[in-house]
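Visitor: Sequence and predicted structure, then a few things I'm wondering about:
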Amino acid sequence: MYNPLFALLIAVLLTALGILLFTPERGAFWKWQRTRQLTERVLREDALKHIYHCENHNEIASIDSLAGAISISTNQAAEVIESLQELELLKAEGARFRLLATGREYALQVIRAHRLYERYLADETGYDEVDWHQKAHQQEHNLSPEDIATLSARLGHPTHDPHGDPIPMSDGTIIYPEERIALADLAPDTIARIVHLEDEPESIYAQLVAEGLHIGQEVRLLETSPKRIRFLAGENERILAPIFAANIAVIPISEEPVEEILPGYPLSEVPIGTEAEVVALSARIRGVERRRLMDLGILPGTNIEVEMSSASGDPVAYRVRGAVIALRKSQAAHINVSTKA
Amino acid sequence: MTIEKTNPLDNILSTAQSLRWEIDVDFHEKLTESIYTDAAQIADRATTRPEEKPRFDFDRTLDKIITSKTWGFPLMLVLLMIVFWLTISGANVPSSMLATLLLDTGHPFLKGLAASIGMPWWLDGFLIDGMYMATAWVISVMLPPMAIFFPLFTLLEDFGYLPRVAFNLDNLFRKSGAHGKQALSMTMGFGCNAAGVVATRIIDSPRERLIAILTNNFALCNGRWPTQILIASLFIGALVPAQLAGFVSALAVVGIALLGIFLTFLSSRFLSKTVLKGEVSTFSLELPPYRPPRIWQTIYTSIIDRTLVVLWRAIVFALPAGAVLWLSANVIIAGTSIAGHLINFLEPFGLLLGLNGVILVAFIVAIPANEIVIPTIMMLTVLVSGVTGVGEGAGVMFELESGMETMALFQAGGWTLLTAVNLMLFSLIHNPCSTTIYTIYKETGSKKWTWIASLAPVIMGFAVTFVVAQVWRLIESLL
Amino acid sequence: MTTNTKEACETCPIHDAAALKKLGVDMAEFDYVVALAGNPNTGKSTVFNALTGLRQHTGNWPGKTVTRAEGGFEYGEHKYKLVDLPGTYSLLATSLDEEVARDFILFGQPDVTIVVVDATRLERNLNLVLQVMEITSRVVVALNLMDEAERHGIEIDDRRLARDLGVPVVPMIARQSDGVPELLQAVSEVANNKTLSKPYRVKYTSPELKRAVEKVSKEIEAAYPELPNAHWVAVRLLDGDERIVEALRKGELGDLKHGDLEQRSANLQVFGNQ
Ligand SMILES: Nc1nc2c(ncn2[C@@H]2O[C@H](COP(=O)(O)OP(=O)(O)O)[C@@H](O)[C@H]2O)c(=O)[nH]1
Ligand SMILES: [Mg+2]
């Protein structure tokens, strides 16, 4: 008969080969497929987006800025610009270019796809916040107009993406929210609500997420200096370098003390057997999850009694309006309550 | 896109749309709040509660035990053991009675009848030896355990125990990137995987629902127990003194079932780290109050509704499977039957996996109904090993009077302890039955996921049996 | 005014469970369609079984009925088709089972919708009742699990409840078939237009919300005068519910007149395939 050791070795080798080739994302096969998909269309659409953003921020788009933004060579960038001109999406005025109306509309549709897809990832899938942008960046080029319409309908025609950016409507109009300013520009001691966390570059965004910052959160600026920005987010003090703070946009709101803005403390910290009253659901509970909790009757003012924890400690059961409902700790952590004296 | 602005509907929609921009963020919250406020008011006016709030002592005390850190998990295991044990030991007697009736008496009777009306041998073989025998086997092997398992399970279900299981297991499922309600569909899968797949509808998140569907196969379903029980009692029970044999073989079966649960967690985790990547979404599960079950009604309805439905389905698949089997054993090409060719072809691969060609062919034949794996194996073993004095002829299923005889037959087929262990493993980890596959297709609506759900377990089964076989042989050669 | 079911029944000649003929799955012909809605685990399937003689699966965990079941019964002169819907906490959110239930109440246009309610958790259950009443006024509330309520010392004034809600309320213990005759009586009265319901309307706490809903519902009423639930449609549009937009576009909501049986069963089939 054959040698079993030999058979095992062959099997191990074959498995290793399979893993190298087909590991999702990193496998050689998938990498090869991705480079194949990086077609002209993708380049064109990314270029349109870049120029659109430049125009919106009163910056000048150039071949160099384009090459830098979407990491291609300047030669390639020049080729892309040329093809955009041929398609009458773009007009060159000397060294700078302008989007034509058609190009603007095209760019807005791509942005719409991107932001809708991010909304979808945030509301209906379990992807991590840090992954949203990258995923949406891949998908924005693949969605057909019908796909986009279906997606929008399925999500209940959302108005903003999960970072707080407005989603362009199907006819290309885009509504910008009221005056929003950078966190660092806030006067000390004013209270403001975070309306936008810039998701590019990713490393900075990841840091902001890791700090526990999110859209809808209310903050009070304590101190700004060229070196650091100190502010209260909820009850916690945060210190950020200016480069990080620059990526947070806020809208000032009337001056209530910060402590009352997200009053109480997380439901997850209420001991078993205690009664508490819901005071607020954090804006981190989004989409379907938010609706479901509300439909179950977990609303500001609702009485909740902590009933029991499961055998493994994590989901905890609460008595809410007569029914016993189990919630995971990660959910209960975003429901703020106050305990009665 | 041109929209006629005179259409009243579009006007309404645009009004709504612009109003939504004004109130968007908390519309749903305000709405729900309004409704609940009114509901609370109306309910309050109509209800008189007792002065001092009575503690629902029974419910609370019971919940304290069932969800306690010390007793919660052991209690679950004990209940699982009791249900399995009652099913296994309770099914013994009625199973053999049915076998006597349908196989030992019914079959010769029908054969005699066919002979008396002068039926040609091939028709009589096709109908009676093929179709009738396969069906009779399925009924006698499957009906008794199901008629015991389903009512027991329904009693637990009616009482309100299942949601507590989900509550207790959620943490493990969460760590595997899956949904706690998967515990419910998994438990349903112990009865029937197709039912388990349908039960995944209670999971809202599409990602987690897909995980639950793809891994339901690892819940050892009713159709696979007979295989496990028989092989465990013949080979594993024989390793220990006779008085311990029953207990040890039951333990082996529970071990396989637990391995299935473990594989559920493992493959859920694998899926959620790779193709179905994502963080775990939310979990909100209502724990209903305990309600005393109505015992007789439960037994009656669960036998009528669940048992007979599943049995009917098994029969529908066993009939053609029996026919195919009979034909494959009786149609001779180049001196060997079709089954023989197939077995010869698969034999080397089977041996590599610590199984053999007969077993692999049996698993192919049994795709429509897992219940016929054992009878198919027995029949095919007789066919290829040329053992005489056993069985009823080519393509006919049969039952042997004693374990000894069965054991002797398997040994004539070249079986070892490794064959038995790997057969048990492969029966746990192989493709779902055709009904389940069809259900998966209906539930996911996707050919891709149906293929994955069907093929991935087979590949896993090959991998596991392969590794076990090699390691086993390696150790054997060292000893 | 609503009829008080108990009083009406004591004097009525068909106060008799024998008047009920369970038809099982035989529903080839029927005069009325009755839907069974309610929170999960309140005994809908138990009521369904008691009326049809079928054995739809019941069990003590929320979510076990994931599809619609249909059956028939005959009461008085009429044949009824009864549809057991999946349990839902609300008709607002967007999960599969809620959609099945919501779509049926909305597009199946049942002649009567029985909302089965857990007497021990009235507040939570009324949340759904109020939502159903926004869609249709042809509602009967089955106040089930009265034995459990009693066990916990909870008393419920069903007349008061009926008056406040503006629809008939029938106390029941479905498991023992208690209250089935009264339920049948109430259902037949609503089906035959003998009960005039005046369903309670939710008061919006936020003035902003109220204004928005009023504005949109006025426009809807003007455009679709025959629509019975403009108010509810307005709320759904404001909540971004695409299914409703689509229904308005296709005329599924506006053009269906009540009593148009053929049209209605055609509609049933469409949604039955989902
Ligand atoms: N004590 C009591 N239990 C009931 C009553 N009606 C239903 N049940 C039980 O409540 C549980 C849920 O019933 P089911 O009909 O499946 O609820 P559904 O989810 O609304 O269809 C089952 O265990 C029933 O036996 C009742 O009136 N009294
Ligand atoms: Mg039900």
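Guide: Structure's in. What do you need? Ligands and ions are numbered 1, 2, ... in the order given.

Visitor: Count the residues that sit near the residue in the stretch 1-150 of chain A that ligand 2 sits nearest to.
Guide: Here the residue of the stretch 1-150 of chain A nearest ligand 2 is A:Glu124; by CB to the ion that distance is 26.5 Å. All C-beta atoms are positioned from the backbone trio N, CA, C, and that covers glycine. By the criterion of other CB atoms under 10 Å in any protein chain shown, A:Glu124 has 21 neighbours.

Visitor: cool, A:Ile215 as well?
Guide: Close neighbours of A:Ile215, defined as other CB under 10 Å, add up to 20.

Visitor: do B:Val141 as well
Guide: B:Val141: 26 neighbours (other CB under 10 Å).

Visitor: A:His137 too?
Guide: By the criterion of other CB under 10 Å, A:His137 has 17 neighbours.

Visitor: Name the helix or strand for the closest residue to it other than its chain neighbours, please.
Guide: Distances taken as CB to CB, 6 or more residues apart in numbering or on different chains place A:His114 nearest to A:His137, at 6.8 Å, with adjacent residues excluded. For A:His114, the element it lies in under DSSP states H and E is helix A:101-124.

Visitor: For the stretch 151-274 of chain C, which residues score under the pLDDT cut-off?
Guide: C:251-274 (pLDDT under 70).

Visitor: Tell me where it has helices.
Guide: Ranges of helices in the stretch 151-274 of chain C, per DSSP state H, counting those that start in this stretch, are C:158-165, C:180-191, C:207-223, C:230-238, C:242-250, C:261-272.

Visitor: Dump those into JSON lines; add distance to A:Asn247 and mean neighbour count as well.
Guide: JSON lines is the format used below for the helices of the stretch 151-274 of chain C (distance: least, CB to CB, whole Å; neighbours: other CB atoms under 10 Å in any protein chain shown):
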{"stretch": "helix C:158-165", "distance to A:Asn247": "52", "mean neighbour count": "20"}
{"stretch": "helix C:180-191", "distance to A:Asn247": "60", "mean neighbour count": "24"}
{"stretch": "helix C:207-223", "distance to A:Asn247": "32", "mean neighbour count": "17"}
{"stretch": "helix C:230-238", "distance to A:Asn247": "33", "mean neighbour count": "24"}
{"stretch": "helix C:242-250", "distance to A:Asn247": "33", "mean neighbour count": "17"}
{"stretch": "helix C:261-272", "distance to A:Asn247": "48", "mean neighbour count": "13"}
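
Visitor: Figure out which of these is closest to chain A.
Guide: Chain A lies closest to helix C:242-250 among these, at 3.5 Å (CB to the nearest CB).

Visitor: hmm, back to that, look up how far C:Pro168 lies from the residue of the stretch 1-150 of chain A closest to ligand 2.
Guide: Here A:Glu124 is placed at a distance of 40 Å from C:Pro168 (CB to CB, to the nearest Å).

Visitor: which residues does the residue nearest to A:His137 contact?
Guide: Listed by CB atoms under 8 Å, 6 or more residues apart in numbering or on different chains, the contact partners of A:His114 are A:136-137, A:139-140, A:161.

Visitor: low pLDDT regions in the stretch 151-300 of chain A?
Guide: Residues of the stretch 151-300 of chain A that meet the criterion pLDDT under 70 lie in A:172-179, A:235, A:254-262.

Visitor: change it to 50
Guide: Filtered on pLDDT under 50, the stretch 151-300 of chain A yields the residue ranges A:255-260.

Visitor: still on that earlier bit, between the contacts of A:His114, which is closest to A:Thr150?
Guide: A:Gln139 (13.4 Å; CB to CB).

Visitor: how about the helices of the stretch 151-274 of chain C in CSV, adding distance to B:Gly335?
Guide: Putting those into CSV (distance: least, CB to CB, whole Å) gives the following:
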stretch, distance to B:Gly335
helix C:158-165, 82
helix C:180-191, 71
helix C:207-223, 81
helix C:230-238, 73
helix C:242-250, 66
helix C:261-272, 56
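
Visitor: Out of those, the one nearest A:Pro242 is which?
Guide: Closest to A:Pro242 of these, according to CB to CB: helix C:207-223, at 37.8 Å.

Visitor: what about the residue nearest to A:His137, distance to A:Thr190?
Guide: Per CB to CB, A:His114 is found 32 Å from A:Thr190.

Visitor: do B:Trp472 as well
Guide: If you go by CB to CB, the gap between B:Trp472 and A:Thr190 works out to 73 Å.

Visitor: By neighbours, which of the contacts of A:His114 wins?
Guide: Neighbour-wise, those (other CB under 10 Å) top out at A:Asp161, 26 neighbours.

Visitor: Find the nearest non-adjacent residue to it, please.
Guide: Sequence neighbours aside, A:Arg115 is the residue nearest to A:Asp161 in space, at 3.6 Å (criterion: CB to CB, 6+ apart).

Visitor: Of the helices of the stretch 151-274 of chain C, which is nearest A:Pro4?
Guide: Among the helices of the stretch 151-274 of chain C, helix C:261-272 sits nearest to A:Pro4 (CB to CB), with 57.4 Å.

Visitor: quick one: C:Pro228 and C:Thr136 touch, right?
Guide: Yes - using CB atoms under 8 Å as the test, C:Pro228 is close enough to C:Thr136 to be in contact (7.2 Å).

Visitor: For the nearest residue to C:Leu161 once chain neighbours are set aside, give me its contacts.
Guide: Excluding the flanking residues, the one nearest C:Leu161 by CB to CB, 6+ apart is B:Ala46, at 4.1 Å. B:Ala46 makes contact with C:122, C:156-158, C:160-161, C:164, according to CB under 8 Å, 6+ apart.
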